[in-house]
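J.: the sequence and its predicted three-dimensional model are supplied below.
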Amino acid sequence: MELPVVKRVAIIGIGLIGSSLARAAREYGAAGSVALYDGSADVRARAREIGLGDVYDDVSDCVRDADIVILATPVGVMGALVQTFASAMKADAILTDVGSVKKAVVDAALESVPDHIHFIPGHPIAGTEKSGPDAGFASLFRDRWCILTPATELADDAGQAALKRLSDFWTVIGSQVQVMDVERHDRVLAITSHLPHLIAFNIVGTAHDLESVDQGDVIKFSAGGFRDFTRIAASDPIMWRDVFLNNKDAVLEMLGRFNEDLAALQRAIRWGEGEQLRSFFERTRGIRQSIIDAGQDTDADNFGRDTKK
Ligand SMILES: NC(=O)C1=CN([C@@H]2O[C@H](COP(=O)(O)OP(=O)(O)OC[C@H]3O[C@@H](n4cnc5c(N)ncnc54)[C@H](O)[C@@H]3O)[C@@H](O)[C@H]2O)C=CC1
Ligand SMILES: O=C(O)C(=O)Cc1ccc(O)cc1
């Protein structure tokens, strides 16, 4: 494949994901140049300071010459944001995003997407608990999945070419692309990502509440299990508020199922059903092994990723 994949990429939202994309696009040659915009003047100033790309104070100026425009803000603002700049995008350009929820974003954005551009929502399954422009790093997307959820209108030749262009962009920065429909995406991510985060937020909150009863012992003696939860529970509050508000149905469905299964474990503990507990834990140990066998290194926090940047 010829590099760069596109002449210019525009990234809106210069936080963990946006700044990682800016670094990756340049480092791996996915884009000839990078245009950036963020709603926060402080973040724009910081992005200029660390030299992440051409930083604009106006979002329409930022997207005007871009072949690909990537929304990397919290999902709750994406719909309104698209309205402010979509008409400034050039013909045949691609509009995409990195939001952790797809259906609500697509529904909110679709009505303001003009006919002259290709709208291909996306979601890299890569991240950390950190946020902001200093938290990003170029290798974040390497050996990670990126899910694309194109609308069926892409069936024509120009749409297919746009999908190929966007897939090539993600491939060059190290990701493996999977096309999926939006509903399936939101259900799969509800159980694999959104619910685990909710459980982490909850258990850390509960333990902190108990702390006043136990006078510091909960935190003092928190070995592996609890520490791992605290990393996830340190994730960005605005981002995660938006995820839960925008993937409400799928999260509530998975939570219902989770509560039933938890009640079964509770019952097994109450009635001393050791064999039931052992065989359940045997099955879950096997699941982790199959993730490792599939090539995902789970030895360290965050699947082996260095999250200390
Ligand atoms: N953090 C993670 O691990 C992952 C996050 N995502 C998704 O990526 C998106 C961005 O997340 P992060 O980079 O982690 O967040 P972040 O908090 O690090 O960065 C978000 C940036 O968006 C800016 N912003 C907020 N509202 C804006 C607006 N109206 N106009 C312009 N800029 C605005 C903020 O000032 C901030 O700089 C979210 O939609 C999230 O669901 C996807 C994969 C992983
Ligand atoms: O830090 C972690 O372990 C994550 O799970 C990162 C993450 C957060 C949100 C996403 O939509 C995708 C990946």
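T.: It's in. Ligands and ions are numbered 1, 2, ... in the order given.
J.: neighbouring contacts of the strand or helix carrying residue 165?
T.: Element membership of residue 165 [criterion: DSSP states H and E] is helix 157-172. Residues outside helix 157-172 that contact it (CB atoms under 8 Å, 6 or more residues apart in numbering): 1, 3, 5-6, 9, 25, 28-31, 67-68, 92, 94, 96, 118, 120, 122, 124, 141, 146, 148, 150, 153-154, 177, 179. In this view, the C-beta of every residue, glycine as well, is placed from N, C-alpha and C.
J.: inside strands: which ones of these?
T.: 6, 9, 31, 68, 94, 96, 118, 122, 124, 146, 148, 177, 179 (DSSP state E).
J.: so which of those residues are also by ligand 2?
T.: Among the ones in strands among the contacts of helix 157-172, no residue lies close to ligand 2 (CB under 6 Å from any ligand atom).
J.: make a ChimeraX selection of whichever of the residues you listed turn out to be buried.
T.: Only the buried members of the ones in strands among the contacts of helix 157-172 enter the following ChimeraX selection, criterion being 16 or more other CB atoms under 10 Å:
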select :6,9,31,68,94,96,118,122,124,146,148,177
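J.: any chance of the ones in strands among the contacts of helix 157-172 in TSV, plus pLDDT?
T.: Shown next, in TSV, are these (pLDDT from 0 to 100):
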residue	pLDDT
6	98
9	98
31	98
68	98
94	97
96	98
118	95
122	98
124	98
146	98
148	98
177	98
179	97
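J.: just the ones in strands among the contacts of helix 157-172 now: which is nearest residue 213?
T.: residue 124 (41.0 Å; CB to CB).
J.: what sits opposite the closest one in the beta ladder?
T.: Counting by DSSP bridges, residue 124 is bridged to residue 146.
J.: what's the distance between it and residue 143?
T.: According to CB to CB, to the nearest Å, residue 124 and residue 143 sit 12 Å apart.
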